[in-house]
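A.B. asks: build me a model from this:
(6 chains, ligands or ions: 12)
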Amino acid sequence: MSFELNGKSYETDDDGYLINLEEWNEDVARYIAQQEGVEMTDAHWEVVNFLRDYYSEYKIAPMIKILIKEMKKMFGPEKGSNAYLYQLYPAGPALQACKIAGLPKPTGCV
Amino acid sequence: MSFELNGKSYETDDDGYLINLEEWNEDVARYIAQQEGVEMTDAHWEVVNFLRDYYSEYKIAPMIKILIKEMKKMFGPEKGSNAYLYQLYPAGPALQACKIAGLPKPTGCV
Amino acid sequence: MATIERRTDIGPPHYDKFLHPIIKENYGKWKYHDTLRAGVLVHVGETGSIYTVRAASPRLISTNFIRLMTGLATKYADGYLRFTSRNNVEFLLGNKDNIDPLIKELSDNGVPVGGLNNSISNVVHTQGWVHCHSAATDASGLVKVVMDELYEYFVEMKLPHKLRIAVACCLNMCGAVHASDIAILGLHRTPPRIDHSTLPNLCEIPTTVASCPNNAIRPTSIEGKTTVKVDEDKCMYCGNCFTVCPAMPLADPLNDGVSIWVGGKISNARTEPMFTKLAIPFLPNNPPRWPEVTEAVKNIVEVYAKNAKPYERVGEWINRIGWPKFFDLTGIEFTKYHLDDFRYAGTTYRRSTQNRY
Amino acid sequence: MATIERRTDIGPPHYDKFLHPIIKENYGKWKYHDTLRAGVLVHVGETGSIYTVRAASPRLISTNFIRLMTGLATKYADGYLRFTSRNNVEFLLGNKDNIDPLIKELSDNGVPVGGLNNSISNVVHTQGWVHCHSAATDASGLVKVVMDELYEYFVEMKLPHKLRIAVACCLNMCGAVHASDIAILGLHRTPPRIDHSTLPNLCEIPTTVASCPNNAIRPTSIEGKTTVKVDEDKCMYCGNCFTVCPAMPLADPLNDGVSIWVGGKISNARTEPMFTKLAIPFLPNNPPRWPEVTEAVKNIVEVYAKNAKPYERVGEWINRIGWPKFFDLTGIEFTKYHLDDFRYAGTTYRRSTQNRY
Amino acid sequence: MSDELKTPLLDELEKGPWPSFITDLKSMADRPMVKDLLGQLEKSYRDKRGYWKHGGLVGIMGYGGGVIGRYSAIPEDFPGVSHFHTVRVNQPSGWFYTSEALNEIMDIWDEHGSGLTNMHGSTGDMVLLGTTTQELEPIFRELTAKDWDLGGSGSDLRTPSCCIGPARCENACYDTLALTYNITHKYQDELHRPMFNYKYKIKMSGCPNDCTAAMARSDMAIIGIWKDDIQIDQSAIAEYVDAGFNIQEYVIEKCPTKCITLEGKELKIDDSDCVKCVHCINVLPKALSPGKERGAAIALGGKAPIVDGALFATLIVPFIEIDEENGFEEVHDLLERIWEFWDEHGMNRERIGEFIERVTLKTFLEGIGVEPMPQQITQPRDNPYIFYEEYFEEETE
Amino acid sequence: MSDELKTPLLDELEKGPWPSFITDLKSMADRPMVKDLLGQLEKSYRDKRGYWKHGGLVGIMGYGGGVIGRYSAIPEDFPGVSHFHTVRVNQPSGWFYTSEALNEIMDIWDEHGSGLTNMHGSTGDMVLLGTTTQELEPIFRELTAKDWDLGGSGSDLRTPSCCIGPARCENACYDTLALTYNITHKYQDELHRPMFNYKYKIKMSGCPNDCTAAMARSDMAIIGIWKDDIQIDQSAIAEYVDAGFNIQEYVIEKCPTKCITLEGKELKIDDSDCVKCVHCINVLPKALSPGKERGAAIALGGKAPIVDGALFATLIVPFIEIDEENGFEEVHDLLERIWEFWDEHGMNRERIGEFIERVTLKTFLEGIGVEPMPQQITQPRDNPYIFYEEYFEEETE
Ligand code: SRM
Ligand code: SRM
Ligand code: SRM
Ligand code: SRM
Ligand code: SF4
Ligand code: SF4
Ligand code: SF4
Ligand code: SF4
Ligand code: SF4
Ligand code: SF4
Ligand code: SF4
Ligand code: SF4
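C.D. replies: Ligands and ions are numbered 1, 2, ... in the order given. This next block holds a predicted model:
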């Protein structure tokens, strides 16, 4: 699969995850979000940016419990919960937020 | 315990091992050998030098099997045997050769 | 922000509404049960009895099959049926007289009744080539050919005790392989083949490295990209790396195949639960009917049937006679592969002289 | 080069010259044996019988004691005696009539006869404060006070079966502690204290680091010299570092002490050999008579004597009744220290619901 | 899917007496999804390998689990299964249905999916096998409209399941169905929105026969048990004896602790020695039944071999009352303490069983606030490597 | 040593019925060494700690082992034990002596040492306890003059020892004394001059009762065993029965494989099921004895817990003939293969048991050239982590 954006073509897998992670940029994120029916507010960017920072440091996506803990630390207790994440990304942080953030598709445990 | 040599005093433990390994020199070696009733020939020095080189590289005394193997490699098959070592150092490589070579006293397994 | 107005988190319906009235009345007050014939139980309660007819199911079933079952349930069982933890269908009859006609109609539709007590019940199994990316063999096909061979042991109760078979299509063992009387396990025999072109994008390197039970995976760099390499001498093809990293497939038609395991058990009856132990390290994948596998399994069943005592599960029987005799009686070859070399290997070494010659 | 003209490598003398003539004649041809009374055996051979009188010995004995024994052997046993694998003295008599006078004379000298069959035999033990640098307690003293307390069980045969006690003064366990019916083990409870001033000269750093089973030791540098540091949280005071590195002593009068272990066994009779398991994690070092230790051991012996069945060793008895009941019956407290947390800990966790309440 | 379906290899699986899934599938081969599934499977049988892509991540709005994404690796050849996702539907306690309820689900599935199912998946779910991403939302809406919801997947609480228990079994020592229903409903968030270290499975069996294989296949096994004496109906014993049933050989000699004796026609059990293995009750159902003081044993950490080798669950709480009156509070309380400690100290993809192995039982018990008991082990340590936590300081002398 | 000896604590050990080593030691307290030993020991009892320095490395010319060096940590206070080395004297097979031979040794020891001994050390040696460095050589000369030699210490073959065996035991399945003598003499170099990775102990027991604790305490346990049928003297059985001995309870029920039955006064054993545990033979010595096809089982790796936990020996060769005619060649051959492989791949201070654990039994058997057999294990692997060594290459298809 693939999509066109600003004249450039981006390859994705069946689930819509970017194939080439380097191609990610904010426009791409906004485009994917839109496809997912998600409108990117500041709150959404907080999550996406955290995910990208974490990934660039540790080369892994954070476990959800760590994501929640860190969100709490950085943005306050009302943002540190699974419910809050699902509010922002109804299809879930793994499925949606990671996709928008341009991280490798979470695998394994299903 | 201690002994005097060339005007300097050397501390040893009860078994005659040097307390300060840095104080070792060839004269000291010869002196200890003499106390042990061992006359230092070239063949004796081969063993002592090997022990010191090995110790300085690995910070441990070689296992006897390694000593024998390496002696064989370096000086030929007739010198690579336990019997040969006991010929040189009748009280054994651990007890005598290490003492003369100024290595820490072998411990443990008795 | 997306708003969700749909019903969520309602959970499953209350079981209450699926219970036969006789069950409801006697809920928690059953006195005893009895086996009326192969596949048919009666449970006697304070105010009445419920009759169970247990029918086989391939588990991978279509809505057609299910409608056949619900139809029969409506006709004979007041509309009440259930499935067992081993995927059989159970009809719950209030009326004893419906037993025979129900069995007749099941039989007309090719569905046997049985699997109770000292018989072989349905096979717990997994997805295989029908649905899973991990499969080293097919599961549904193996179940079919094995149960064709062992059919008599399902419909009759002529074994020393229960005998439970499981099939899993890879080492993840989505089922009961590690604790079954006999287990059939699909496996790979070659290390993962790494696709270095996609790996850096598809996989988290630290997760991939951590996934290996044998520390065979190390990060490495190829053409400036971080990827991984596998120390093939340390790899025993477990496939855990593939689970977390799609760029490391293990499937290998030439070398994938099947292994046979014996002597596991779950219940706490008599003995503590026991793991299944290796019987045959490798048999070829030989679809559609895997003759080597069916023969091997049938052989073990028959040797067990002949030699075990009543109420002795396969594992209990082997413990009694000892492994040397098990290999003798079954004619299975003992190989170096049977010697454990994993984490707790030392606990399987014989630390005594007690032995049979 | 030093020349050696002495006799070397001659090995021990041939046993032949120490064998009683009756033994020589019947060597390998014994028909059976019988117990004539506590401490006295007869072995019946093809051409005659040999009588064994087994006498206690503290093992740590002087030439005086040995000369007493050889004197008695000469007087009553044609000059033939031996020692057993548990350090008892055995007189080998050709003449039955010498049994009683021998026993009398032993007794006059304070040496009891016994230790056979279902009794407590001599205690296998080690050096302790008498000779070893590693000792966390004394061995000979512990043996003396324990056997004073258990004396009756040596001279009579009134236990369900053999009961074998061992004492070791440190975790090296120079003896049989890890496989005894009851074991008394001296131990430390604080990490080694490192003497950094001498360590670099006395110890091989890599060997010292490698010696620790828990990887608690790391190389470090102090004032430019390489020495080691210990992660005290990881240290369980095994003392293996001290064995290879004299600059890491563990002895600590305040905290050294004694632990009690039960249920080990060596023979392959009935069960496979079994390790000794922890009963009491710590009792204080209370010389000269260690009252806490003698009381604890006596209690276990008595509870065993009262509850076990004939031919049941301590470990077999506990396996039959279960550990919960063992703790109940003996009144010993079960603590977190009883839970294994070493390498194979997982194999000791109960993986079933089988249990007594 | 336009070609004619030819499955010579699969057709071999139509032979033999055991019901054939191939025959069943072929009965629906007019449906493109089923036809291409058969086609791709035939190819797998020929080539001896599977043809599914790795993974697949699709879902339902608001849920993080419940759907397994699956795509064909050769969609050109088998477009019908280019998407072939499964939907895990949370089964009712004890897998009880009425024809009516089941038919309703089948109607939905015939309309929106392949029409193929697993009844049931190994964890316990009703597995609806094969649909496309677009159909997921409609399926979900129609299922919830009929009061059905999804089960677990991913690093979440997996769909709890239980044996038939008091609904039809005289051995049941607690109400497995009620507890399963209660836990499933209480922890819907944990079930639907993964945020654990890894999966967490709960299985409930009403007695030590463990008919859900909880000890082997679940992170938390809740197994019915009793504490007091086995109930004996001596007249029924006499009937067994009169009928010539060999109680000596089949019961007494098989009792693991040999605590049963038969005197004439009277059976005696030394219950203080009984380990509640249920064998005697199994063999003499008309005469014996569990005691009256009933509850459950809780064991943690059963699992398959990946990564460190298979584990049976470890007995953590030998006896707990399962108190419906009390809303099962004690169980919730324990469960939450366990999750909290595992959450705090567990690693990514570390099952609770592996976690206990790593931190050791001693630390784990401390962490969840359960007392050490000799029941939790088969034997005390046999190694002398004890970490003493109490010792004397110089001052105390 | 000039002060008067006061030992109030040790004196407490003169009380009680068990022979007192203190009383014994005091009988020699006129000797300075013994007196100061008592003095230092009294101080240890008071201070609750030992007073010996670490290690000590002294020896005999030409030997690397056999003497344990020991120095007092407080020689100022106890000069008599400033040196207190022990000499390990290789005991004769089976610990048999004549009064005469023992007295000779005691004469030597009284002259050159403390006069204290251990009869015997745990490994088997006669341990002469306490002498000075200067006396070592004289002691050695006098001992060898009387045909005695030293035992092992350090990383060498340790002094082999054996049970009383055929010398006085009807259970002995091979000649333990002869084999011990043979091995000790054949491997004098290995015994006296350490060059192994670590110590190597051999213990020989004539039957599975294992009266030398070989399975627990030796690197190589050679345990007598038989292969054929237990020999039964039915008339002796009848006597046991007639004497009212409870064969049912004490023998039949205790047999681990339940392969014994008693019909009237006739005992039957299903020897194909017998695991040669010797229990029945122990209990009925007049009626039963081992079979006629005798030999030994060889198990490797028994040891105390340091470092990785205690190990019982692992059965490597279930049956080997112990053939004196043949000079015990088969045993030598196996032993040498074992040493060779251990020497090549073992690490420093790694006992053979730990070595087998590390490299795994599979590799070890390959290394020493012994076939894998189900007798060597309690069960085949239960994990699926098999390293396949045979597989198909693309070409072979
Ligand atoms: C229906 C079912 C529970 C459910 O909720 O679905 C069930 C029902 C009964 N089990 Fe079970 N067991 C069921 C799965 C199991 C399992 C799980 C499994 O196989 O995966 C086990 C553990 C198996 C194992 O140990 O490996 C199991 C171990 C037992 C045992 C213990 C057998 C033993 O001696 O080891 C009994 C007692 C017996 O059979 O004497 C038992 C006895 C029974 C009884 C007699 C209990 C009763 O009084 O009603 C039930 C019917 C007898 C029978 O033979 O099936 N049930 N039973 C399951 C039927 C599965 C099937 O379709 O065949
Ligand atoms: C003399 C001695 C061998 C030697 O060469 O020195 C010896 C000699 C005999 N043993 Fe032993 N055993 C001797 C140490 C052992 C040991 C080793 C140990 O204790 O460290 C064991 C293993 C102990 C264990 O399992 O922990 C041992 C386990 C046995 C057994 C098996 C007991 C059991 O059922 O577990 C028997 C058979 C019996 O007693 O019925 C036995 C039987 C015998 C017999 C009856 C054999 C015979 O026919 O002569 C011998 C005399 C009986 C006795 O002592 O009760 N011997 N015996 C050892 C005497 C030690 C002592 O002074 O007490
Ligand atoms: C559908 C099901 C098999 C079935 O045919 O019934 C299944 C299917 C898969 N399991 Fe499973 N597991 C299923 C029950 C099990 C069980 C049995 C159980 O729950 O009683 C086990 C063994 C018990 C256990 O949990 O340990 C099991 C142990 C695994 C594992 C190994 C996990 C481990 O810790 O050992 C994996 C690998 C993973 O988690 O990454 C796995 C992974 C998988 C994946 C997701 C494949 C993967 O590598 O990611 C499979 C998807 C197949 C597909 O395409 O449909 N599956 N899995 C079962 C779930 C159906 C349901 O919800 O009812
Ligand atoms: C003298 C003796 C104890 C006794 O009182 O009988 C003894 C004494 C010592 N043993 Fe031992 N061991 C003695 C038999 C044993 C045994 C029992 C046996 O051989 O049957 C064992 C347990 C079995 C085994 O080998 O595992 C034993 C296991 C150890 C260990 C632990 C080795 C291990 O691998 O687990 C050490 C530590 C070491 O080797 O560094 C050790 C170390 C020591 C040292 C050398 C102390 C040390 O840390 O270096 C002790 C010297 C004490 C002294 O000053 O006299 N000793 N040692 C025994 C030898 C006498 C003899 O030659 O007959
Ligand atoms: S056992 Fe393996 S291949 Fe089979 S369904 Fe489970 S994960 Fe897939
Ligand atoms: S298949 Fe298993 S053993 Fe091999 S590299 Fe992958 S994770 Fe490691
Ligand atoms: S057990 Fe420890 S203290 Fe005792 S003799 Fe052996 S090494 Fe020394
Ligand atoms: S005492 Fe043992 S655990 Fe502690 S540091 Fe030393 S070797 Fe390690
Ligand atoms: S586990 Fe026990 S209660 Fe549940 S169905 Fe099985 S036998 Fe009945
Ligand atoms: S439940 Fe098991 S242990 Fe208890 S009496 Fe019955 S058979 Fe024996
Ligand atoms: S081991 Fe066997 S042969 Fe040796 S003394 Fe003991 S009982 Fe006799
Ligand atoms: S030797 Fe042991 S196993 Fe063999 S018959 Fe006798 S008691 Fe049974």
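
A.B. asks: for residue E:213, see how far away the closest residue to chain F within the stretch 151-300 of chain C is.
C.D. replies: Going by CB to the nearest CB, chain F is nearest to residue C:275 of the stretch 151-300 of chain C, at 3.8 Å. For the C-beta atoms, the positions are set from N, CA and C on the backbone; glycine is no exception. Separation of residue C:275 from residue E:213 (CB to CB, to the nearest Å): 13 Å.

A.B. asks: poorly predicted segments of the stretch 201-350 of chain C, please.
C.D. replies: For the stretch 201-350 of chain C, no stretch has pLDDT under 70.

A.B. asks: where does it get nearest to ligand 2, residue-wise?
C.D. replies: residue C:350 (17.1 Å; CB to the nearest ligand atom).

A.B. asks: check contacts around that residue.
C.D. replies: Residue C:350 makes contact with F:314, F:315, F:375, F:376, F:377, F:378, according to CB atoms under 8 Å, 6 or more residues apart in numbering or on different chains.

A.B. asks: just the CA trace of stretch E:25-45, in PDB.
C.D. replies: Taking C-alpha atoms only, stretch E:25-45 is exported to PDB below (Å, rounded to 0.1, in the frame of the first residue of the first chain):
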ATOM      1  CA  LEU E  25     -15.500 -25.700   4.600                       C
ATOM      2  CA  LYS E  26     -16.300 -26.900   1.200                       C
ATOM      3  CA  SER E  27     -20.000 -26.600   2.000                       C
ATOM      4  CA  MET E  28     -19.400 -22.900   2.100                       C
ATOM      5  CA  ALA E  29     -17.000 -22.700  -0.800                       C
ATOM      6  CA  ASP E  30     -19.400 -20.600  -2.700                       C
ATOM      7  CA  ARG E  31     -18.200 -17.800  -0.500                       C
ATOM      8  CA  PRO E  32     -15.100 -16.100  -2.000                       C
ATOM      9  CA  MET E  33     -13.400 -15.900   1.400                       C
ATOM     10  CA  VAL E  34     -13.900 -19.600   2.100                       C
ATOM     11  CA  LYS E  35     -13.000 -20.600  -1.400                       C
ATOM     12  CA  ASP E  36      -9.700 -18.700  -1.300                       C
ATOM     13  CA  LEU E  37      -8.900 -19.900   2.100                       C
ATOM     14  CA  LEU E  38      -9.200 -23.400   0.800                       C
ATOM     15  CA  GLY E  39      -7.100 -22.500  -2.200                       C
ATOM     16  CA  GLN E  40      -4.400 -21.000  -0.200                       C
ATOM     17  CA  LEU E  41      -4.500 -23.900   2.300                       C
ATOM     18  CA  GLU E  42      -4.200 -26.300  -0.600                       C
ATOM     19  CA  LYS E  43      -1.100 -24.400  -1.700                       C
ATOM     20  CA  SER E  44       0.300 -24.700   1.800                       C
ATOM     21  CA  TYR E  45      -0.300 -28.400   1.800                       C
END
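
A.B. asks: tell me if that stretch is near chain A.
C.D. replies: No - counting by CB under 8 Å from any CB of the partner chain, no contacts exist between stretch E:25-45 and chain A, the nearest distance being 15.8 Å.

A.B. asks: touching chain C at all, that stretch?
C.D. replies: Yes - under the criterion of CB under 8 Å from any CB, chain C is reached by stretch E:25-45 at E:25, E:27, E:28, E:34, E:37, E:41, E:44, E:45.

A.B. asks: checking the residue most central in space within chain C next. Helix, strand or coil?
C.D. replies: The centre of chain C sits closest to residue C:166, judged by CA atoms, centre = their mean, with a distance of 2.4 Å. Three-state assignment for residue C:166 (DSSP: H, G, I helix; E, B strand; the rest coil): strand.

A.B. asks: report pLDDT for it.
C.D. replies: Residue C:166 is assigned a pLDDT of 98 by the prediction.

A.B. asks: got it, and residue E:390?
C.D. replies: For residue E:390, pLDDT reads 81.

A.B. asks: kindly report the same for the one 4 residues further on.
C.D. replies: Here the pLDDT value assigned to residue E:394 is 68.

A.B. asks: which residues in chain C form strands?
C.D. replies: Remark: strands assigned in chain C by DSSP state E are C:32-37, C:40-44, C:49-55, C:60-62, C:80-83, C:89-93, C:165-168, C:182-187, C:217-222, C:225-230, C:257-262, C:277-284.

A.B. asks: any weak-confidence spans in chain E?
C.D. replies: For chain E (pLDDT under 70), the answer is E:1-3, E:394-397.

A.B. asks: can you list the residues of it near ligand 10?
C.D. replies: E:255-257, E:259-260, E:269, E:274-280 (CB under 6 Å from any ligand atom).

A.B. asks: dump these to CSV, plus neighbour count and secondary structure.
C.D. replies: As requested, the residues of chain E next to ligand 10 are exported to CSV (neighbours: other CB atoms under 10 Å in any protein chain shown; DSSP: H, G, I helix; E, B strand; the rest coil):
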residue, neighbour count, secondary structure
E:255, 19, coil
E:256, 16, coil
E:257, 17, coil
E:259, 18, coil
E:260, 22, strand
E:269, 17, strand
E:274, 23, coil
E:275, 21, coil
E:276, 27, coil
E:277, 24, coil
E:278, 28, coil
E:279, 24, helix
E:280, 25, helix
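
A.B. asks: can you narrow these down to the ones near ligand 12?
C.D. replies: Okay, of those, nothing touches ligand 12 (CB under 6 Å from any ligand atom).

A.B. asks: which of those residues sits closest to residue F:220?
C.D. replies: Each of the residues of chain E next to ligand 10 was scored against residue F:220 by CB to CB, and residue E:256 proved nearest at 36.3 Å.

A.B. asks: distance of the closest one from chain D?
C.D. replies: 7 Å (CB to the nearest CB, to the nearest Å).

A.B. asks: ok, that residue - contacts?
C.D. replies: By CB under 8 Å, 6+ apart, the neighbours of residue E:256 are C:270, C:271, D:354, E:275, E:277, E:279.

A.B. asks: contact partners for the last one?
C.D. replies: Neighbour list for residue E:279: C:269, C:270, C:311, E:251, E:254, E:255, E:256 [criterion: CB under 8 Å, 6+ apart].

A.B. asks: and if we set it to 7 Å?
C.D. replies: Residues in contact with residue E:279, defined by CB atoms under 7 Å, 6 or more residues apart in numbering or on different chains, are C:269, C:270, E:254, E:255.

A.B. asks: what of the second one?
C.D. replies: With CB under 7 Å, 6+ apart as the criterion, the residues that contact residue C:271 are C:265, C:316, E:256.

A.B. asks: out of these, who's nearest ligand 3?
C.D. replies: residue C:265 (16.0 Å).

A.B. asks: my read is that that closest one contacts residue C:313, right?
C.D. replies: Yes - in terms of CB atoms under 7 Å, residue C:265 counts as a neighbour of residue C:313; the distance is 5.0 Å.

A.B. asks: what residues do these two have in common as contacts?
C.D. replies: Shared contacts of residue C:265 and residue C:313, counting by CB under 7 Å, 6+ apart, come down to residue C:181.

A.B. asks: what's the burial count for the closest residue to residue E:146 other than its chain neighbours?
C.D. replies: Take residue E:146 and drop its neighbours on the chain: the residue closest to it by CB to CB, 6 or more residues apart in numbering or on different chains is residue E:104, 5.4 Å away. Counted with other CB atoms under 10 Å in any protein chain shown, residues neighbouring residue E:104 total 17.

A.B. asks: and residue E:104, how close does it get to residue C:36?
C.D. replies: Residue E:104 is 32 Å from residue C:36, by CB to CB.

A.B. asks: now residue E:253
C.D. replies: Distance from residue E:253 to residue C:36, by CB to CB: 28 Å.

A.B. asks: grab the nearest non-local neighbour of residue 58.
C.D. replies: No chain was given, so I picked chain A. Using CB to CB, 6+ apart, the closest residue to residue A:58 is residue C:206 (6.7 Å).

A.B. asks: not what I meant, chain C
C.D. replies: Nearest to residue C:58 is residue E:21, by CB to CB, 6+ apart, at 4.0 Å.

A.B. asks: ditto for residue E:306
C.D. replies: Nearest one to residue E:306, counting by CB to CB, 6+ apart, is residue C:240 at 5.2 Å.
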